[in-house]
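Novice: no sequence on hand, only this structure:
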């Protein structure tokens, strides 16, 4: 293969997975890649021969323009690879080879999950070519594979770790409880194996649930499952069976540590709409009942949106938010619980403490989150559970020696900021260094702060790195009341 043409049936997919796929293949394999909407290739008439690989990406596998270009390319001698969800679709049948993303036959439209699976397909293809062509050493290929497998571990946010209860030592008796403890559906969420994700457990049984992964990591003899609250099989996301909380409480009395897995079941689009953010009443009762045993509680949040838990968080000794981590999410969580992986993720949004106090990290200074000052003290407070960018580690980091290369600048200048980061703990760890800016004076009420750049660095115990972050002066501009950038 000397050239790769990638045709997409959907313009949004081109702008997401397409451009990233091009970058991945060209960087790892050194093969030129051209990407476009499949229909555009009909009019541009690129030179195609037997040394051209044409990749056609179609969620449904039935896009008319994609099929037409596929057939024309095949007549010119090109090899055809289809990337599609739907087994037996027209694109799949007429291609020489097929990469099924296995996101479910009901997904025939663009979605974030579709883009991610397409991107993984490009990585797998790129690694194959890199191995055949010898553009990467085998050690580099294995390193990339490990990074891909480790992705679920990188999104788990450690939000609380009282008295360093985590990581857990081997040999402890563990109770795994809660409705999200033993379900692949919860880990994958909607837009996965089916539209609402309700059929996931039929197809993902070769992967590990949270309970199964913890058994593998700590030994089945040391782990007990008693959920207390369960979801209705293949039901709507809010449907729960009759709770058996007393069984979970009884089991908790005979273990050392409780791992309570709560959150929500899979959902998407309108069927997933909700009118309040509070966690379900049964789950709240479960955690509160478990707390009466006096056993330490590790609270695992498995959810696609923040559910209000302000009355449950004080009962937990540790909290980990795993979001919707996918098929390897259970294994990723077990690795963090055991200390095989040091968590480094940061909150991607502001987690609310109350429903009436929703806010974002870049709130305006007129919406101050602390007490108001001055003659009129309205005691105004917007309280959050965890702020944007928050996340703990099993080690500690210290920042020092902040420097910038300019004291004044213009819009066209490049600004460089550096800071020394030291791992002051006993574990190797990764830290996300974030650069925020604040306007002290502006013609319009400015945001409290804005994230401008970030970088993740890995540090061994005692190691110090100087981290440099760069932005353009124009990045600090804003639109004034006349609609002009200033």
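Specialist: Looks like it came in fine. Keep in mind that this is a model prediction, so the values were computed, not measured.

Novice: does residue 36 belong to a helix or a strand, and which?
Specialist: strand 33-37 (DSSP states H and E).

Novice: helices and strands around the following helix or strand past that strand, which ones?
Specialist: Going down the chain from strand 33-37, the next helix or strand is helix 38-44, by DSSP H and E. Packing partners of helix 38-44 (3 or more Cβ pairs under 8 Å, 6 or more residues apart in numbering; DSSP states H and E): strand 3-8, helix 64-75. Backbone N, C-alpha and C define where each C-beta goes, glycine included.

Novice: and helix 38-44, how far out from the chain's middle?
Specialist: With Cα atoms, centre = their mean, to the nearest Å as the basis, helix 38-44 stands 34 Å off its chain's centre.

Novice: strands paired with the helix or strand just after it, and their directions?
Specialist: Next helix or strand after helix 38-44 toward the C-terminus (DSSP H and E): strand 52-58. Using DSSP bridges, strand 52-58 pairs in its sheet with strand 3-8 (parallel), strand 79-84 (parallel).

Novice: and those strands, which one's lowest on average pLDDT?
Specialist: Comparing mean pLDDT over the strands paired with strand 52-58, the weakest stretch is strand 3-8, at a mean of 80.

Novice: of all the helices and strands packed on helix 38-44, which lies closest to residue 356?
Specialist: With Cβ to Cβ as the measure, strand 3-8 is the member of those nearest residue 356 (43.1 Å).

Novice: so what touches that closest one?
Specialist: If you take Cβ atoms under 8 Å, 6 or more residues apart in numbering as the criterion, strand 3-8 is touched by 14, 17-18, 21-22, 25, 31-38, 41, 46, 48, 51-58, 66, 69-70, 73, 78.

Novice: restricted to buried residues, select the residues you listed in PyMOL.
Specialist: Those of these that count as buried under 16 or more other Cβ atoms under 10 Å are selected in PyMOL with:
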select buried, resi 14+17+18+21+22+25+31+33+35+36+37+38+41+48+52+53+54+55+56+57+58+66+69+70+73+78
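
Novice: TSV for the helices and strands packed on helix 38-44, including distance to residue 100?
Specialist: Shown next, in TSV, are these (distance: least, Cβ to Cβ, whole Å):
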stretch	distance to residue 100
strand 3-8	17
helix 64-75	16
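
Novice: what residue ranges in the protein score low on pLDDT?
Specialist: 9-16, 42, 86-87, 102-114, 368-382 (pLDDT under 70).

Novice: what is the lengthiest helix in it packed up against?
Specialist: Taking DSSP state H as the criterion, the chain has its longest helix at helix 112-133. When contacts are defined as 3+ Cβ pairs under 8 Å, 6+ apart, helix 112-133 sits against helix 11-13, helix 19-29, strand 79-84, strand 97-100, helix 138-149.

Novice: tell me the most buried of the ones you listed?
Specialist: strand 79-84 (a mean of 23; mean count of other Cβ atoms under 10 Å).

Novice: who touches that one?
Specialist: 1, 50, 52-61, 70, 73-74, 91-92, 94-101, 118, 121, 125.

Novice: got the angle for that strand vs helix 112-133?
Specialist: Between the axes of strand 79-84 and helix 112-133, defined by axes from the mean of the first three to the mean of the last three Cα atoms, to 10 degrees, the angle is 150 degrees.

Novice: next, the buried residues of the helix or strand that comes right after strand 79-84.
Specialist: Next along the chain after strand 79-84, taking DSSP H and E as the criterion, comes helix 90-94. Within helix 90-94, the residues that count as buried by 16+ other Cβ under 10 Å are 90-92, 94.
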